[in-house]
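> what follows is a predicted protein model with its sequence.
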Amino acid sequence: MNTTVATPTTTHDHHTPGKDPIIEEGPLCVGYKIEYTSEFRNVSGESVFYANGKEPYLISPVIRPRLRIPHIKVRGCFSAYPLGLDINQHTGEININASNSGVRYTVEFAPHGKNCVARTHLVIGGIAYEGGIFSLSNPQEYICRPLFYGDRTNSEEVPSRKIPSGRFGFIPDNQKPTGDLTGLLIDPQTGEINIGETVKNGGLGFRRGNGLPENGSCKEFSVYYQLDLGDSNKNTLQKTSVHVHFFDTTDQIPEDLLKRLKFQQFFIRRNTAALPLLLGMSLSSWADSPWTALGALVLTLSTMLWANVSGKTTSSRPPEIIITT
């Protein structure tokens, strides 16, 4: 098996990409508000930050308690999901440059003595990839396209399929294309990954006597990129990652890998089509049987709640790109 695993660094009292805390969903605190302010906002009105390459890039939260008593500091604990946000659990301070970019995060603040949380969302601008299952027998599905998380100037939805111009897939040290050195075939102008050619050219290696990788092969690829966003504060060098797997047949894909893929896809769409689509599917059978529709609705909502809680510990891992014959 050809396996490359990134070893993330850890930071004391911070949630980093290497830690997998299980965070329970808590009820919202009435009267408490938490916010991270930025000059950039997306179409949903959420704050957007961009890595600037100057260490560290720290931001702090503004907490408004129910009773605004001067000189009284609200104390509590901070947490964030999905994984990848470098946040101090005690102060809520976030290091943007040390966090994974191309992600929409949820930050929760639990006041001491309260059985509830204040919740907010923020975006660290950049690109990410949506995982999926690709078949070598269908060349029309060879391409894995990136998504873009950014502010309202560059993104009409969250995330957006419209990618800003830039350069993608190069090695920072010598500026050579990634594909020349690691085997990942990526379009330097669009950031699109050619899955089929990556396999055919040996990006995952070859098994003896066969032009395909070993069954169960997996490799993590790093994609360096630089976006042209018209602002020098946004144009810093950034990096994202993808996991590429190969299996001879779809029934050989492990169940836990399929779950991670589903969680990742669910969280990408959770603010767009997921809720109306799932509810629409549940209620579509109402005319045939109200009890059937009600059961489908309950199942849909419980599934979404389960995915929301479980996905907090999985959805920020590198996207799972699965290839079969």
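All right, it came through fine.

> show me where the stretch 51-200 of the chain has helices.
In the stretch 51-200 of the chain, the segments counted as helices under DSSP state H, counting those that start in this stretch are 178-182, 195-200.

> and those helices as JSON lines, adding mean neighbour count?
Just so you know, the C-beta spots here come from the backbone N, C-alpha and C atoms, and that holds for glycine as well. Formatted as JSON lines, the helices of the stretch 51-200 of the chain follow (neighbours: other C-beta atoms under 10 Å):
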{"stretch": "helix 178-182", "mean neighbour count": "17"}
{"stretch": "helix 195-200", "mean neighbour count": "21"}
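
> averaging pLDDT over each of those, which comes out lowest?
Sorting the helices of the stretch 51-200 of the chain by mean pLDDT places helix 178-182 lowest, at a mean of 70.

> looking at it, Arg119 is touching Lys33, isn't it?
No - in this structure Arg119 lies outside contact range of Lys33 using C-beta atoms under 8 Å: 9.4 Å.

> which residues of this structure score low on pLDDT?
1-26, 66-73, 179-181, 269-317 (pLDDT under 70).

> picking up where we left off before, in TSV: the helices of the stretch 51-200 of the chain, plus distance to Glu141.
Listed next are the helices of the stretch 51-200 of the chain as TSV, based on distance: least, C-beta to C-beta, whole Å:
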stretch	distance to Glu141
helix 178-182	20
helix 195-200	8
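
> who wins for proximity to Gly230 among those?
Closest to Gly230 of the helices of the stretch 51-200 of the chain is helix 178-182 (C-beta to C-beta; 25.1 Å).

> wait, doesn't Asn88 sit right on Phe78?
Yes - because the distance of 7.0 Å satisfies C-beta under 8 Å, Asn88 is recorded as touching Phe78.

> who has more neighbours, the two?
Set side by side, Asn88 and Phe78 show more neighbours around Phe78, with 23 against 17, by other C-beta atoms under 10 Å.

> check contacts around the residue nearest to the more buried one when sequence neighbours are not counted.
Nearest non-adjacent residue to Phe78, counting by C-beta to C-beta, 6 or more residues apart in numbering: Gly92, 4.2 Å away. When contacts are counted by C-beta atoms under 8 Å, 6 or more residues apart in numbering, Gly92 touches 34, 60-61, 63, 78, 107, 109.

> ok, so of the residues you listed, who is nearest Glu197?
Val107 (39.5 Å).

> number of nearby residues for that closest one?
Val107: 22 neighbours (other C-beta under 10 Å).

> quick one, what contacts it?
Counting by C-beta under 8 Å, 6+ apart, Val107 has contacts 34, 36, 61, 78-80, 85, 87, 92, 94, 119-122.

> strands - which of those land there?
Here DSSP state E is the test, and the contacts of Val107 give 34, 78-80, 87, 94, 119-122 as lying in strands.

> just put those residues in TSV and tack on distance to Thr178.
Output for the ones in strands among the contacts of Val107, formatted as TSV (distance: C-beta to C-beta, whole Å):
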residue	distance to Thr178
Ile34	38
Phe78	35
Ser79	34
Ala80	29
Ile87	30
Ile94	29
Arg119	37
Thr120	35
His121	31
Leu122	29
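
> which of those residues tops the neighbour count?
Ile94 (28 neighbours).

> can you pull the contacts of the closest residue to Ile163 other than its chain neighbours?
Distances taken as C-beta to C-beta, 6+ apart put Phe148 closest to Ile163, at 5.1 Å, once the chain neighbours are dropped. By C-beta under 8 Å, 6+ apart, the contact list for Phe148 reads 102, 126-127, 154-155, 159-164.

> now do Phe148 against Lys200, distance only.
28 Å (C-beta to C-beta, to the nearest Å).

> wait, Glu320 sits on Pro254?
No - the pair Glu320 and Pro254 does not pass the contact test of C-beta under 8 Å, sitting 10.5 Å apart.

> the more surrounded of those two?
Ranked by neighbour count (other C-beta under 10 Å), Glu320 and Pro254 place Glu320 first, with 26 against 12.

> for Ile59, see how far away that one is.
On the measure of C-beta to C-beta, Glu320 and Ile59 end up 30 Å apart.

> neighbours of Val74, how many?
So Val74, with other C-beta under 10 Å, has 17 neighbours.
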